[in-house]
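Asker: take this sequence and fold it.
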Amino acid sequence: MKPILRHVLLVLLASAPFTAAAQPADSVSVSWEKPAPNRTTYRAEGITCGPVGAGGDTLTNLRKDRTDVPSRYHPVTFQAITRLPMPSAPISRLRWTQKQLRQIAPFEGTAVTLTGFLDSLKVQGPERCNCRMTQEADVDWHLWITAHRGESKKDAIVTETTPRVRKNHPGWTTAALIPFIQAPEQVRLSGWLMYDPDHPEQLGNHRITLWEIHPVTKIEVFKAGAWVDLDPGLAHLQHRRNRRGA
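Answerer: Now for the predicted structure:
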């Protein structure tokens, strides 16, 4: 190759944008941003539900009821979440010691993305975080995500969509999610990393860790060789906003 042509090629390569996809991290970095949860009010079923629900573990409820959308997500592996510390502590963090709180503080509230397989979906019942509302639209939905197809709940990380977030995602329906339960296609869920101390009895049976993605703020499914937002209406609206420069 002539020197001048080699020089031009090197310049072009140096100026080309780097587009390689980020690889999932094997650990949750303590340096990743952890913004404080916003505070919202949710109204339904004749009930006004404040930012910490209706009593109980109000510190955990505040994190469950947040609606702020992360500015960026950190892709992580299953092991990055399952290796996080799980303090031996009461089921309400209101009764935790400062030492116990310090064990989870470096990681909780990080925005992460997890890719896996949807094992199960369950519409929950009344909970204090949702002021004991009962309708399907007004309660949390559990999504059990496994690293490998064919694994069961005991191997799964629990992720949850909440009514406060779902009201802005009309495409997030049980009908849209059911085709991906125990299907060969992967799903990709993003949201806030949160520690739920309320379910230690489920370990080894209905979950692999007490760490959750809760609330989920983005759901993608793998279709026809590409990742597709489960809420196409919202994606279309965002595309229009981007074109307008909003």
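Asker: enumerate every residue touching Ile145.
Answerer: The neighbours of Ile145, taking Cβ atoms under 8 Å, 6 or more residues apart in numbering as the test, are 114, 116-119, 156-159, 187, 189. In this view, the C-beta of every residue, glycine as well, is placed from N, C-alpha and C.
Asker: what comes up buried for whichever strand or helix holds Ser120?
Answerer: For Ser120, the host element (DSSP states H and E) is strand 111-123. Buried residues in strand 111-123, counted by 16 or more other Cβ atoms under 10 Å: 111-120.
Asker: any idea which helix or strand comes after it?
Answerer: Strand 111-123 is succeeded, C-terminally, by strand 141-146 (DSSP H and E).
Asker: helices or strands up against the helix or strand just after that next one?
Answerer: Sequence-wise, the next helix or strand downstream of strand 141-146 (DSSP H and E) is strand 157-161. Applying 3 or more Cβ pairs under 8 Å, 6 or more residues apart in numbering; DSSP states H and E, one finds that strand 157-161 contacts helix 78-82, strand 111-123, strand 141-146, strand 211-223.
Asker: 7 Å instead, please
Answerer: Strand 157-161 is packed against strand 141-146, strand 211-223, with contacts defined by 3 or more Cβ pairs under 7 Å, 6 or more residues apart in numbering; DSSP states H and E.
Asker: how big is the angle separating that strand from strand 111-123?
Answerer: 80 degrees (axes from the mean of the first three to the mean of the last three Cα atoms, to 10 degrees).
Asker: state the mean pLDDT of strand 157-161.
Answerer: Throughout strand 157-161, pLDDT has a mean value of 98.
Asker: shift numbering so it begins at 34
Answerer: OK, 34 is where the count begins now, so the last one is strand 190-194.
Asker: how far off centre is it?
Answerer: Distance of strand 190-194 from the chain centroid (Cα atoms, centre = their mean, to the nearest Å) equals 7 Å.
Asker: and stretch 93-100, by the same measure?
Answerer: That offset, for stretch 93-100, works out to 13 Å (Cα atoms, centre = their mean).
Asker: now swap in stretch 247-262 and tell me
Answerer: Offset of stretch 247-262 from its chain centre (Cα atoms, centre = their mean): 11 Å.
Asker: tell me the buried residues in that stretch?
Answerer: Buried residues in stretch 247-262, counted by 16+ other Cβ under 10 Å: 247-255, 262.
Asker: could those be laid out in TSV, adding pLDDT and distance to Asp231?
Answerer: Shown next, in TSV, are the buried residues of stretch 247-262 (pLDDT from 0 to 100; distance: Cβ to Cβ, whole Å):
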residue	pLDDT	distance to Asp231
His247	98	11
Pro248	98	15
Val249	98	18
Thr250	98	21
Lys251	97	25
Ile252	98	24
Glu253	97	28
Val254	96	29
Phe255	94	32
Asp262	95	31
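Asker: what about the residue nearest to Val249 when sequence neighbours are not counted, neighbour count?
Answerer: Once flanking residues are discounted, Val249 sits nearest to Gly224: 4.1 Å by Cβ to Cβ, 6 or more residues apart in numbering. For Gly224, the count of nearby residues is 26 (other Cβ atoms under 10 Å).
Asker: and Gly224, helix, strand or coil?
Answerer: Following DSSP: H, G, I helix; E, B strand; the rest coil, we place Gly224 in the strand state.
Asker: do the same with the one 3 residues further on
Answerer: Counting by three-state DSSP, the backbone at Met227 sits in strand.
Asker: next up, the contacts around the closest residue to Glu169 other than its chain neighbours.
Answerer: Spatial nearest neighbour of Glu169, chain neighbours left out: Val156 (5.2 Å); criterion: Cβ to Cβ, 6+ apart. Listed by Cβ atoms under 7 Å, 6 or more residues apart in numbering, the contact set of Val156 reads 169, 172, 174, 207.
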